[in-house]
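Asker: Need a 3D model of the sequence below.
(one chain, ligands or ions: 2)
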Amino acid sequence: MRLFVRVYLPPKPFEERLSEIFSGPDSGGDGGLDEMAHRLFTKEDYVLLDALTSRPTAVSTGRFLTMHKRRRKKLATRCLHHEYQALLDDVHHGLVQNILKNCGEWAFNAFTLENVTGGRALPVLCVHLFHWYGLLEYFKLDVVRVWKLFTLIEEGYHSTNPYHNSIHATDVTQAMHCFLQEEKIRQYVTPLEIMASLIGAVAHDLDHPGVNQHFLISTSNHLAILYQNMSVLENHHWRSAIGCLLESGVAEQLQPYRGELENQIRDLILATDINRQPEFLSRFRKHLNEGSLDLRQAEHRHFILQIALKCADISNPTRPWDISHKWSLKVCDEFFRQGEYERKLNLPVTSICDQQSTSVAKIQVDSTKCDQQSTSVAKTQVGFLKFMVTPLFVEWHRFLGSPLSTHMMAVLEENRRRWEELEKAEQAEETQTELSEADAAEREEEERQEGAATGPVGTGQPTERDFMPSPPKEIRRQSLAVPTLESLGVRRHSVPVNIEQSLPRTIYRCLEHWQNQ
Ligand SMILES: Nc1ncnc2c1ncn2[C@@H]1O[C@@H]2COP(=O)(O)O[C@H]2[C@H]1O
Ligand SMILES: [Zn+2]
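Answerer: Ligands and ions are numbered 1, 2, ... in the order given. Prediction:
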(Lines give C-alpha, C1' and ligand atoms only; values in the text may rest on other atoms or scores of the structure.)
(Ligands and ions follow the chains in the order given, each with its own letter.)
Protein backbone atom coordinates (compact mmCIF):
# COMPACT_ATOMS: atom_id res chain seq x y z
CA MET A 1 0.00 0.00 0.00
CA ARG A 2 1.28 3.45 -0.81
CA LEU A 3 0.66 5.82 2.03
CA PHE A 4 0.80 9.57 1.87
CA VAL A 5 -0.05 11.29 5.11
CA ARG A 6 -1.13 14.62 3.75
CA VAL A 7 -4.44 15.17 5.42
CA TYR A 8 -5.36 16.09 8.92
CA LEU A 9 -7.19 13.17 10.48
CA PRO A 10 -8.99 13.91 13.72
CA PRO A 11 -8.55 11.47 16.57
CA LYS A 12 -11.69 9.45 16.03
CA PRO A 13 -11.80 5.67 15.90
CA PHE A 14 -10.36 4.54 12.65
CA GLU A 15 -13.43 2.62 11.44
CA GLU A 16 -15.56 5.70 12.00
CA ARG A 17 -13.24 7.92 10.04
CA LEU A 18 -13.05 5.40 7.28
CA SER A 19 -16.84 5.44 7.03
CA GLU A 20 -16.79 9.20 6.70
CA ILE A 21 -14.19 9.09 4.00
CA PHE A 22 -16.14 6.60 1.96
CA SER A 23 -19.60 7.96 2.53
CA GLY A 24 -18.90 11.13 0.57
CA PRO A 25 -21.08 12.08 -2.43
CA ASP A 26 -19.28 9.70 -4.77
CA SER A 27 -19.12 6.72 -2.54
CA GLY A 28 -22.25 5.17 -3.95
CA GLY A 29 -24.07 4.78 -0.64
CA ASP A 30 -22.94 2.96 2.44
CA GLY A 31 -23.98 -0.56 1.46
CA GLY A 32 -20.65 -1.57 0.00
CA LEU A 33 -18.51 0.41 2.37
CA ASP A 34 -17.17 -2.39 4.46
CA GLU A 35 -16.54 -4.49 1.45
CA MET A 36 -14.78 -1.64 -0.32
CA ALA A 37 -12.66 -0.79 2.69
CA HIS A 38 -11.66 -4.39 3.14
CA ARG A 39 -10.71 -4.66 -0.48
CA LEU A 40 -8.55 -1.57 -0.17
CA PHE A 41 -6.86 -2.31 3.12
CA THR A 42 -5.21 -5.39 4.48
CA LYS A 43 -5.21 -6.24 8.17
CA GLU A 44 -1.70 -4.79 8.50
CA ASP A 45 -2.87 -1.58 6.84
CA TYR A 46 -5.56 -1.24 9.48
CA VAL A 47 -3.01 -1.63 12.24
CA LEU A 48 -0.75 0.91 10.65
CA LEU A 49 -3.44 3.44 9.87
CA ASP A 50 -4.78 3.14 13.35
CA ALA A 51 -1.31 3.71 14.77
CA LEU A 52 -0.91 6.73 12.54
CA THR A 53 -4.21 8.30 13.36
CA SER A 54 -4.70 7.41 16.98
CA ARG A 55 -3.31 10.74 18.14
CA PRO A 56 -4.29 14.18 17.07
CA THR A 57 -1.89 15.40 14.44
CA ALA A 58 -2.15 19.10 14.37
CA VAL A 59 -0.60 19.78 11.07
CA SER A 60 -0.20 18.12 7.75
CA THR A 61 3.15 16.37 7.69
CA GLY A 62 3.79 16.85 4.02
CA ARG A 63 5.76 14.28 2.11
CA PHE A 64 7.78 13.00 5.04
CA LEU A 65 6.51 10.54 7.56
CA THR A 66 8.54 11.22 10.64
CA MET A 67 6.25 14.08 11.63
CA HIS A 68 9.23 15.69 13.23
CA LYS A 69 9.18 19.44 13.42
CA ARG A 70 12.19 20.58 11.50
CA ARG A 71 13.73 23.90 12.17
CA ARG A 72 14.20 25.58 8.86
CA LYS A 73 17.80 26.41 8.23
CA LYS A 74 18.61 30.10 8.08
CA LEU A 75 19.68 30.33 4.52
CA ALA A 76 21.45 33.33 3.15
CA THR A 77 19.95 32.65 -0.25
CA ARG A 78 16.33 32.05 0.70
CA CYS A 79 15.29 35.47 -0.54
CA LEU A 80 16.06 34.37 -4.07
CA HIS A 81 13.71 31.46 -3.81
CA HIS A 82 11.42 32.39 -6.67
CA GLU A 83 14.13 32.72 -9.20
CA TYR A 84 15.95 29.48 -9.39
CA GLN A 85 18.26 30.61 -12.12
CA ALA A 86 19.24 33.69 -10.16
CA LEU A 87 19.80 31.49 -7.14
CA LEU A 88 22.13 29.26 -9.10
CA ASP A 89 24.10 32.19 -10.44
CA ASP A 90 24.16 34.03 -7.19
CA VAL A 91 25.57 31.31 -5.00
CA HIS A 92 28.15 30.29 -7.51
CA HIS A 93 30.46 33.11 -6.68
CA GLY A 94 34.22 32.73 -6.79
CA LEU A 95 34.66 30.96 -3.49
CA VAL A 96 32.00 28.39 -4.23
CA GLN A 97 33.40 27.82 -7.68
CA ASN A 98 36.83 27.23 -6.23
CA ILE A 99 35.55 24.65 -3.80
CA LEU A 100 33.48 22.94 -6.47
CA LYS A 101 36.52 22.81 -8.71
CA ASN A 102 38.13 20.59 -6.09
CA CYS A 103 35.12 18.48 -5.33
CA GLY A 104 36.89 15.42 -6.67
CA GLU A 105 39.53 15.64 -3.92
CA TRP A 106 39.43 13.40 -0.90
CA ALA A 107 40.28 16.33 1.37
CA PHE A 108 36.99 17.98 0.39
CA ASN A 109 35.29 19.63 3.34
CA ALA A 110 31.48 19.59 3.22
CA PHE A 111 31.32 21.96 6.19
CA THR A 112 33.23 24.60 4.25
CA LEU A 113 30.94 24.27 1.25
CA GLU A 114 27.96 24.56 3.58
CA ASN A 115 29.36 27.82 4.95
CA VAL A 116 30.27 29.47 1.71
CA THR A 117 26.96 28.60 0.08
CA GLY A 118 24.95 30.02 2.95
CA GLY A 119 23.68 26.58 3.94
CA ARG A 120 22.96 25.28 0.43
CA ALA A 121 25.82 22.80 0.06
CA LEU A 122 23.56 19.90 -0.87
CA PRO A 123 21.77 21.34 -3.91
CA VAL A 124 24.83 23.30 -4.98
CA LEU A 125 27.05 20.22 -5.05
CA CYS A 126 24.43 17.98 -6.64
CA VAL A 127 23.45 20.39 -9.41
CA HIS A 128 27.14 20.95 -10.08
CA LEU A 129 27.72 17.19 -10.34
CA PHE A 130 24.71 16.74 -12.62
CA HIS A 131 26.25 19.37 -14.91
CA TRP A 132 29.72 17.93 -14.58
CA TYR A 133 28.66 14.41 -15.53
CA GLY A 134 26.57 15.75 -18.42
CA LEU A 135 23.43 14.22 -16.94
CA LEU A 136 21.30 17.28 -17.68
CA GLU A 137 22.09 17.06 -21.39
CA TYR A 138 22.04 13.28 -21.59
CA PHE A 139 18.61 12.91 -20.02
CA LYS A 140 17.38 16.31 -21.30
CA LEU A 141 16.58 17.39 -17.77
CA ASP A 142 15.22 20.79 -16.88
CA VAL A 143 17.69 22.39 -14.47
CA VAL A 144 14.89 24.10 -12.54
CA ARG A 145 13.30 20.73 -11.79
CA VAL A 146 16.67 19.27 -10.87
CA TRP A 147 17.31 22.19 -8.54
CA LYS A 148 13.88 21.63 -7.03
CA LEU A 149 14.64 17.92 -6.54
CA PHE A 150 17.74 18.69 -4.51
CA THR A 151 16.03 21.49 -2.61
CA LEU A 152 13.28 19.06 -1.60
CA ILE A 153 15.89 16.52 -0.53
CA GLU A 154 17.77 19.17 1.42
CA GLU A 155 14.57 20.20 3.20
CA GLY A 156 13.85 16.56 4.01
CA TYR A 157 16.95 16.39 6.21
CA HIS A 158 16.53 17.55 9.79
CA SER A 159 18.84 20.46 10.39
CA THR A 160 18.40 19.82 14.13
CA ASN A 161 20.24 16.49 13.89
CA PRO A 162 23.89 16.92 14.85
CA TYR A 163 24.97 14.20 12.40
CA HIS A 164 22.19 12.95 10.14
CA ASN A 165 21.61 16.23 8.39
CA SER A 166 22.08 17.58 4.87
CA ILE A 167 25.82 18.12 5.42
CA HIS A 168 26.27 14.38 5.99
CA ALA A 169 24.31 13.78 2.78
CA THR A 170 26.59 16.22 0.95
CA ASP A 171 29.69 14.56 2.38
CA VAL A 172 28.54 11.07 1.35
CA THR A 173 27.61 12.28 -2.15
CA GLN A 174 31.02 13.81 -2.61
CA ALA A 175 32.67 10.57 -1.46
CA MET A 176 30.51 8.66 -3.93
CA HIS A 177 31.63 11.05 -6.65
CA CYS A 178 35.26 10.29 -5.79
CA PHE A 179 34.57 6.56 -6.04
CA LEU A 180 32.77 6.95 -9.37
CA GLN A 181 35.96 8.58 -10.62
CA GLU A 182 38.08 5.57 -9.77
CA GLU A 183 39.40 4.00 -12.95
CA LYS A 184 38.07 0.53 -12.12
CA ILE A 185 34.56 1.94 -11.94
CA ARG A 186 34.60 5.00 -14.18
CA GLN A 187 35.24 3.10 -17.38
CA TYR A 188 32.14 0.92 -17.00
CA VAL A 189 29.37 2.92 -15.31
CA THR A 190 26.47 4.12 -17.42
CA PRO A 191 24.82 7.57 -17.14
CA LEU A 192 21.81 5.97 -15.46
CA GLU A 193 24.04 4.28 -12.87
CA ILE A 194 25.84 7.56 -12.20
CA MET A 195 22.54 9.34 -11.71
CA ALA A 196 21.20 6.58 -9.43
CA SER A 197 24.44 6.64 -7.42
CA LEU A 198 24.30 10.39 -6.88
CA ILE A 199 20.61 10.44 -5.98
CA GLY A 200 21.02 7.32 -3.82
CA ALA A 201 23.93 8.92 -1.98
CA VAL A 202 22.29 12.27 -1.39
CA ALA A 203 18.99 10.74 -0.27
CA HIS A 204 20.39 7.77 1.66
CA ASP A 205 19.40 9.19 5.09
CA LEU A 206 16.49 11.35 3.98
CA ASP A 207 14.13 12.35 6.80
CA HIS A 208 16.35 10.65 9.37
CA PRO A 209 14.83 11.37 12.78
CA GLY A 210 18.14 11.40 14.68
CA VAL A 211 17.48 8.16 16.55
CA ASN A 212 18.05 4.59 15.45
CA GLN A 213 15.87 1.68 14.42
CA HIS A 214 16.04 0.14 17.87
CA PHE A 215 14.48 3.27 19.33
CA LEU A 216 11.74 3.26 16.69
CA ILE A 217 10.92 -0.32 17.50
CA SER A 218 11.04 0.24 21.26
CA THR A 219 8.65 3.15 20.99
CA SER A 220 6.31 1.32 18.56
CA ASN A 221 6.81 4.01 16.01
CA HIS A 222 4.55 3.83 12.98
CA LEU A 223 7.56 3.41 10.66
CA ALA A 224 8.65 0.32 12.57
CA ILE A 225 5.13 -1.07 12.18
CA LEU A 226 5.01 -0.16 8.50
CA TYR A 227 8.31 -1.85 7.68
CA GLN A 228 7.87 -4.71 10.15
CA ASN A 229 11.02 -3.81 12.06
CA MET A 230 13.26 -4.48 9.07
CA SER A 231 15.57 -1.83 7.61
CA VAL A 232 12.98 0.57 8.95
CA LEU A 233 14.92 3.73 8.27
CA GLU A 234 16.42 2.69 4.97
CA ASN A 235 13.00 1.74 3.65
CA HIS A 236 11.74 5.12 4.70
CA HIS A 237 14.72 6.92 3.14
CA TRP A 238 14.35 5.40 -0.30
CA ARG A 239 10.61 5.89 -0.41
CA SER A 240 11.04 9.50 0.60
CA ALA A 241 13.59 9.87 -2.19
CA ILE A 242 11.09 8.58 -4.75
CA GLY A 243 8.57 11.07 -3.35
CA CYS A 244 11.01 13.91 -4.06
CA LEU A 245 11.64 12.64 -7.59
CA LEU A 246 7.91 12.70 -8.24
CA GLU A 247 7.21 16.01 -6.57
CA SER A 248 10.04 17.83 -8.32
CA GLY A 249 8.82 16.72 -11.74
CA VAL A 250 12.15 15.03 -12.49
CA ALA A 251 10.49 11.60 -12.53
CA GLU A 252 8.17 12.80 -15.27
CA GLN A 253 11.15 13.76 -17.41
CA LEU A 254 12.77 10.39 -16.83
CA GLN A 255 9.74 8.37 -17.81
CA PRO A 256 11.50 5.72 -19.95
CA TYR A 257 14.12 5.10 -17.26
CA ARG A 258 11.96 5.42 -14.19
CA GLY A 259 11.56 1.77 -13.29
CA GLU A 260 15.25 1.02 -13.57
CA LEU A 261 16.29 4.23 -11.81
CA GLU A 262 13.93 3.70 -8.90
CA ASN A 263 15.06 0.09 -8.46
CA GLN A 264 18.67 1.13 -8.38
CA ILE A 265 18.07 3.93 -5.90
CA ARG A 266 16.12 1.53 -3.68
CA ASP A 267 18.83 -1.14 -3.71
CA LEU A 268 21.59 1.36 -3.10
CA ILE A 269 19.87 2.93 -0.11
CA LEU A 270 18.81 -0.41 1.35
CA ALA A 271 22.44 -1.53 1.22
CA THR A 272 23.37 1.27 3.66
CA ASP A 273 21.63 -0.55 6.51
CA ILE A 274 24.73 -1.07 8.61
CA ASN A 275 23.19 -4.18 10.15
CA ARG A 276 23.62 -5.81 6.76
CA GLN A 277 27.34 -5.12 6.61
CA PRO A 278 28.40 -8.72 7.38
CA GLU A 279 26.28 -10.00 4.52
CA PHE A 280 27.76 -7.53 2.01
CA LEU A 281 31.25 -7.98 3.32
CA SER A 282 31.25 -11.75 2.93
CA ARG A 283 29.86 -11.51 -0.61
CA PHE A 284 32.50 -8.94 -1.45
CA ARG A 285 35.31 -11.07 0.04
CA LYS A 286 34.12 -14.11 -1.85
CA HIS A 287 34.17 -12.21 -5.14
CA LEU A 288 37.65 -10.84 -4.44
CA ASN A 289 39.00 -14.22 -3.38
CA GLU A 290 37.63 -15.84 -6.50
CA GLY A 291 38.48 -12.93 -8.78
CA SER A 292 34.95 -13.20 -10.09
CA LEU A 293 34.00 -9.54 -10.43
CA ASP A 294 33.46 -8.42 -13.98
CA LEU A 295 32.26 -4.85 -14.20
CA ARG A 296 31.12 -5.29 -17.76
CA GLN A 297 28.19 -7.10 -16.19
CA ALA A 298 25.41 -4.82 -14.94
CA GLU A 299 24.77 -7.03 -11.93
CA HIS A 300 28.39 -6.79 -10.76
CA ARG A 301 28.46 -3.02 -11.30
CA HIS A 302 25.31 -2.78 -9.24
CA PHE A 303 26.94 -4.71 -6.40
CA ILE A 304 30.09 -2.59 -6.52
CA LEU A 305 28.03 0.60 -6.43
CA GLN A 306 26.26 -0.70 -3.34
CA ILE A 307 29.63 -1.34 -1.71
CA ALA A 308 30.82 2.08 -2.84
CA LEU A 309 27.86 3.77 -1.16
CA LYS A 310 28.39 1.76 1.99
CA CYS A 311 32.02 2.89 2.04
CA ALA A 312 31.03 6.49 1.33
CA ASP A 313 28.55 6.36 4.22
CA ILE A 314 31.16 5.39 6.79
CA SER A 315 34.09 7.14 5.15
CA ASN A 316 34.38 9.98 7.68
CA PRO A 317 37.18 8.21 9.61
CA THR A 318 39.23 8.16 6.41
CA ARG A 319 39.04 11.94 5.92
CA PRO A 320 41.76 14.30 7.15
CA TRP A 321 41.80 14.47 10.94
CA ASP A 322 40.12 17.89 11.34
CA ILE A 323 37.12 16.83 9.30
CA SER A 324 37.02 13.31 10.63
CA HIS A 325 37.24 14.44 14.23
CA LYS A 326 34.34 16.84 13.70
CA TRP A 327 32.13 14.09 12.30
CA SER A 328 32.99 11.83 15.22
CA LEU A 329 31.91 14.45 17.73
CA LYS A 330 28.71 15.02 15.84
CA VAL A 331 27.74 11.39 15.55
CA CYS A 332 28.40 10.82 19.25
CA ASP A 333 26.42 13.93 20.08
CA GLU A 334 23.48 12.36 18.28
CA PHE A 335 23.97 9.02 20.07
CA PHE A 336 24.05 10.78 23.43
CA ARG A 337 20.86 12.67 22.63
CA GLN A 338 19.16 9.39 21.96
CA GLY A 339 20.49 8.16 25.29
CA GLU A 340 18.82 11.12 26.96
CA TYR A 341 15.51 10.39 25.23
CA GLU A 342 15.73 6.78 26.36
CA ARG A 343 16.48 7.83 29.90
CA LYS A 344 13.54 10.21 29.96
CA LEU A 345 11.26 7.52 28.58
CA ASN A 346 12.48 5.08 31.18
CA LEU A 347 13.77 2.79 28.47
CA PRO A 348 17.01 0.86 28.87
CA VAL A 349 19.71 3.23 27.70
CA THR A 350 21.55 1.89 24.67
CA SER A 351 25.12 1.43 25.86
CA ILE A 352 26.76 3.41 23.09
CA CYS A 353 24.28 6.23 23.69
CA ASP A 354 24.84 6.40 27.43
CA GLN A 355 27.07 9.34 28.11
CA GLN A 356 26.80 8.83 31.84
CA SER A 357 27.49 5.16 31.90
CA THR A 358 30.01 3.92 34.43
CA SER A 359 31.97 1.80 32.06
CA VAL A 360 33.98 -1.05 33.50
CA ALA A 361 36.97 -1.24 31.24
CA LYS A 362 38.31 0.47 28.28
CA ILE A 363 37.84 -0.94 24.85
CA GLN A 364 40.12 -3.78 24.09
CA VAL A 365 41.62 -2.66 20.90
CA ASP A 366 43.08 -6.05 20.24
CA SER A 367 40.11 -8.11 21.22
CA THR A 368 37.49 -9.27 18.79
CA LYS A 369 34.69 -7.80 20.77
CA CYS A 370 33.75 -4.23 21.35
CA ASP A 371 33.28 -3.25 24.94
CA GLN A 372 29.56 -2.98 25.54
CA GLN A 373 30.15 -0.35 28.15
CA SER A 374 32.24 1.97 26.06
CA THR A 375 30.73 5.39 25.93
CA SER A 376 33.34 8.05 25.46
CA VAL A 377 33.85 9.49 22.01
CA ALA A 378 37.38 8.15 21.90
CA LYS A 379 36.22 4.66 22.81
CA THR A 380 33.41 4.51 20.31
CA GLN A 381 35.83 5.71 17.69
CA VAL A 382 38.41 3.07 18.46
CA GLY A 383 35.70 0.44 18.23
CA PHE A 384 34.02 1.85 15.19
CA LEU A 385 37.25 2.35 13.28
CA LYS A 386 38.50 -1.07 14.16
CA PHE A 387 35.40 -3.18 13.82
CA MET A 388 33.32 -1.42 11.21
CA VAL A 389 35.41 0.82 9.02
CA THR A 390 38.67 -1.10 8.73
CA PRO A 391 37.23 -4.46 7.60
CA LEU A 392 35.18 -2.79 4.86
CA PHE A 393 37.95 -0.49 3.70
CA VAL A 394 40.50 -3.29 3.64
CA GLU A 395 38.37 -5.03 1.03
CA TRP A 396 37.59 -1.78 -0.76
CA HIS A 397 41.32 -1.13 -1.03
CA ARG A 398 41.86 -4.68 -2.24
CA PHE A 399 39.33 -4.01 -4.99
CA LEU A 400 40.41 -0.48 -5.99
CA GLY A 401 44.15 -0.81 -5.39
CA SER A 402 44.50 2.85 -6.32
CA PRO A 403 46.30 5.92 -4.98
CA LEU A 404 43.01 7.03 -3.41
CA SER A 405 42.41 3.75 -1.60
CA THR A 406 46.05 3.66 -0.44
CA HIS A 407 45.66 7.19 0.88
CA MET A 408 42.38 6.39 2.65
CA MET A 409 43.96 3.41 4.40
CA ALA A 410 46.89 5.52 5.57
CA VAL A 411 44.63 8.25 6.91
CA LEU A 412 42.40 5.69 8.61
CA GLU A 413 45.42 4.19 10.32
CA GLU A 414 46.66 7.60 11.42
CA ASN A 415 43.21 8.63 12.72
CA ARG A 416 42.91 5.38 14.59
CA ARG A 417 46.30 5.98 16.20
CA ARG A 418 45.17 9.43 17.28
CA TRP A 419 41.94 8.10 18.79
CA GLU A 420 43.88 5.44 20.63
CA GLU A 421 46.17 8.10 22.07
CA LEU A 422 43.21 10.19 23.10
CA GLU A 423 41.61 7.17 24.67
CA LYS A 424 44.76 6.43 26.66
CA ALA A 425 45.02 10.04 27.80
CA GLU A 426 41.38 9.97 28.82
CA GLN A 427 41.97 6.79 30.76
CA ALA A 428 44.99 8.24 32.54
CA GLU A 429 43.04 11.36 33.45
CA GLU A 430 40.18 9.32 34.84
CA THR A 431 42.52 7.19 36.91
CA GLN A 432 44.15 10.36 38.26
CA THR A 433 40.74 11.80 39.16
CA GLU A 434 39.75 8.65 40.95
CA LEU A 435 42.97 8.55 42.94
CA SER A 436 42.49 12.20 43.96
CA GLU A 437 38.93 11.47 44.99
CA ALA A 438 40.06 8.48 47.02
CA ASP A 439 42.73 10.63 48.72
CA ALA A 440 40.22 13.34 49.51
CA ALA A 441 37.79 10.81 50.96
CA GLU A 442 40.57 9.33 53.09
CA ARG A 443 41.58 12.77 54.41
CA GLU A 444 37.98 13.58 55.19
CA GLU A 445 37.59 10.36 57.12
CA GLU A 446 40.79 11.06 59.12
CA GLU A 447 39.56 14.56 59.96
CA ARG A 448 36.21 13.20 61.03
CA GLN A 449 37.86 10.66 63.33
CA GLU A 450 40.16 13.29 64.78
CA GLY A 451 37.20 15.59 65.37
CA ALA A 452 35.27 12.82 67.10
CA ALA A 453 38.23 12.06 69.37
CA THR A 454 39.05 15.64 70.34
CA GLY A 455 36.11 17.95 70.10
CA PRO A 456 32.53 18.52 71.07
CA VAL A 457 31.39 19.37 67.56
CA GLY A 458 29.50 16.17 66.78
CA THR A 459 26.09 15.83 68.32
CA GLY A 460 25.54 12.33 67.11
CA GLN A 461 22.53 13.65 65.25
CA PRO A 462 22.41 13.43 61.46
CA THR A 463 23.17 16.69 59.77
CA GLU A 464 21.83 18.14 56.56
CA ARG A 465 25.03 17.10 54.85
CA ASP A 466 24.33 13.46 55.51
CA PHE A 467 21.27 13.64 53.31
CA MET A 468 22.89 15.42 50.45
CA PRO A 469 23.63 13.21 47.45
CA SER A 470 27.28 12.79 46.74
CA PRO A 471 28.37 14.70 43.67
CA PRO A 472 27.91 12.71 40.48
CA LYS A 473 30.96 10.79 39.44
CA GLU A 474 30.35 10.91 35.76
CA ILE A 475 33.21 8.90 34.44
CA ARG A 476 34.15 6.73 37.30
CA ARG A 477 35.62 3.34 36.56
CA GLN A 478 34.26 0.27 38.22
CA SER A 479 37.71 -1.24 37.99
CA LEU A 480 38.55 0.73 41.15
CA ALA A 481 35.57 -0.89 42.83
CA VAL A 482 34.03 2.38 43.91
CA PRO A 483 30.34 1.68 44.47
CA THR A 484 28.01 3.72 42.35
CA LEU A 485 24.26 4.00 42.46
CA GLU A 486 24.10 1.65 39.53
CA SER A 487 26.35 -0.95 41.06
CA LEU A 488 24.15 -0.76 44.13
CA GLY A 489 21.18 -1.59 41.98
CA VAL A 490 19.76 1.91 42.01
CA ARG A 491 19.09 3.11 38.55
CA ARG A 492 19.93 6.72 37.96
CA HIS A 493 17.81 9.18 36.08
CA SER A 494 14.83 6.92 36.20
CA VAL A 495 12.31 9.58 37.21
CA PRO A 496 9.34 9.30 34.93
CA VAL A 497 9.51 12.31 32.72
CA ASN A 498 6.93 13.31 30.21
CA ILE A 499 9.04 14.22 27.23
CA GLU A 500 6.29 14.10 24.64
CA GLN A 501 6.91 17.72 23.78
CA SER A 502 10.64 17.48 23.35
CA LEU A 503 10.91 14.14 21.59
CA PRO A 504 10.94 13.71 17.87
CA ARG A 505 7.98 11.54 16.97
CA THR A 506 10.04 9.06 15.12
CA ILE A 507 13.13 7.42 16.23
CA TYR A 508 15.77 4.45 16.18
CA ARG A 509 18.83 2.28 17.12
CA CYS A 510 22.53 2.61 17.68
CA LEU A 511 25.11 0.33 16.15
CA GLU A 512 24.40 -2.73 18.18
CA HIS A 513 25.55 -4.85 15.35
CA TRP A 514 29.15 -3.79 15.71
CA GLN A 515 29.06 -3.73 19.44
CA ASN A 516 27.90 -7.28 19.38
CA GLN A 517 30.45 -8.52 16.92
N1 LIG B 1 32.70 8.27 13.26
C2 LIG B 1 31.72 7.45 13.62
N3 LIG B 1 31.71 6.92 14.87
C4 LIG B 1 30.74 6.07 15.26
N5 LIG B 1 29.71 5.72 14.48
C6 LIG B 1 29.67 6.23 13.24
C7 LIG B 1 30.66 7.12 12.76
N8 LIG B 1 30.35 7.46 11.49
C9 LIG B 1 29.21 6.81 11.19
N10 LIG B 1 28.80 6.09 12.24
C11 LIG B 1 27.62 5.21 12.31
O12 LIG B 1 27.60 4.43 11.13
C13 LIG B 1 26.33 4.55 10.57
C14 LIG B 1 26.29 4.39 9.08
O15 LIG B 1 24.96 4.61 8.66
P16 LIG B 1 24.22 5.97 9.06
O17 LIG B 1 24.81 7.14 8.33
O18 LIG B 1 22.77 5.80 8.99
O19 LIG B 1 24.57 6.14 10.62
C20 LIG B 1 25.92 5.98 10.93
C21 LIG B 1 26.35 6.05 12.34
O22 LIG B 1 25.41 5.42 13.16
ZN1 LIG C 1 24.48 7.95 6.42
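Asker: Can you show me the helices along the stretch 101-250 of the chain?
Answerer: For the stretch 101-250 of the chain, the helices defined by DSSP state H, counting those that start in this stretch cover 110-116, 121-132, 135-138, 143-156, 166-180, 183-186, 191-203, 213-218, 222-226, 232-248, 250-253.
Asker: And the stretch 251-400 of the chain, by the same measure?
Answerer: Applying DSSP H, counting those that start in this stretch to the stretch 251-400 of the chain gives helices spanning 258-270, 277-290, 298-313, 321-344, 377-384, 390-400.
Asker: now for the longest helix seen in the chain, which elements pack on it?
Answerer: Ranked by residue count under DSSP state H, the longest helix found in the chain is helix 403-454. Taking 3 or more CB pairs under 8 Å, 6 or more residues apart in numbering; DSSP states H and E as contact, the helices and strands that helix 403-454 lies on are helix 321-344, helix 377-384, helix 390-400. C-beta here means a position set from N, CA and C on the backbone, and glycine is covered the same way.
Asker: one more time with 6 Å, if that's ok
Answerer: On a contact count with 3 or more CB pairs under 6 Å, 6 or more residues apart in numbering; DSSP states H and E, helix 403-454 meets helix 377-384.
Asker: looking at the helices of the stretch 251-400 of the chain, which has the lowest confidence?
Answerer: In terms of mean pLDDT, the lowest-scoring of those is helix 377-384 (a mean of 69).
Asker: Just checking the longest helix of the chain against ligand 1, any contact.
Answerer: No - using CB under 6 Å from any ligand atom, helix 403-454 stays clear of ligand 1, coming no nearer than 9.3 Å.
Asker: related to what we said a few turns ago, with distance to Glu413 added, can I get the helices of the stretch 101-250 of the chain in JSON lines?
Answerer: Listed next are the helices of the stretch 101-250 of the chain as JSON lines, based on distance: least, CB to CB, whole Å:
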{"stretch": "helix 110-116", "distance to Glu413": "23"}
{"stretch": "helix 121-132", "distance to Glu413": "28"}
{"stretch": "helix 135-138", "distance to Glu413": "36"}
{"stretch": "helix 143-156", "distance to Glu413": "34"}
{"stretch": "helix 166-180", "distance to Glu413": "18"}
{"stretch": "helix 183-186", "distance to Glu413": "22"}
{"stretch": "helix 191-203", "distance to Glu413": "25"}
{"stretch": "helix 213-218", "distance to Glu413": "31"}
{"stretch": "helix 222-226", "distance to Glu413": "38"}
{"stretch": "helix 232-248", "distance to Glu413": "30"}
{"stretch": "helix 250-253", "distance to Glu413": "41"}
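Asker: out of those helices, nearest to Arg319?
Answerer: Proximity to Arg319, assessed across the helices of the stretch 101-250 of the chain by CB to CB, is greatest for helix 166-180 (8.2 Å).
Asker: and the closest one, average pLDDT?
Answerer: 99.
Asker: Helix 403-454 and that helix, what's the angle between them?
Answerer: For helix 166-180 against helix 403-454, the angle by axes from the mean of the first three to the mean of the last three CA atoms, to 10 degrees is 140 degrees.
Asker: okay, the angle between helix 166-180 and helix 298-313?
Answerer: Using the same axes, to 10 degrees: helix 166-180 against helix 298-313 is 140 degrees.
Asker: and helix 166-180 with helix 191-203, angle?
Answerer: When the same axes, to 10 degrees is applied, the directions of helix 166-180 and helix 191-203 differ by 150 degrees.
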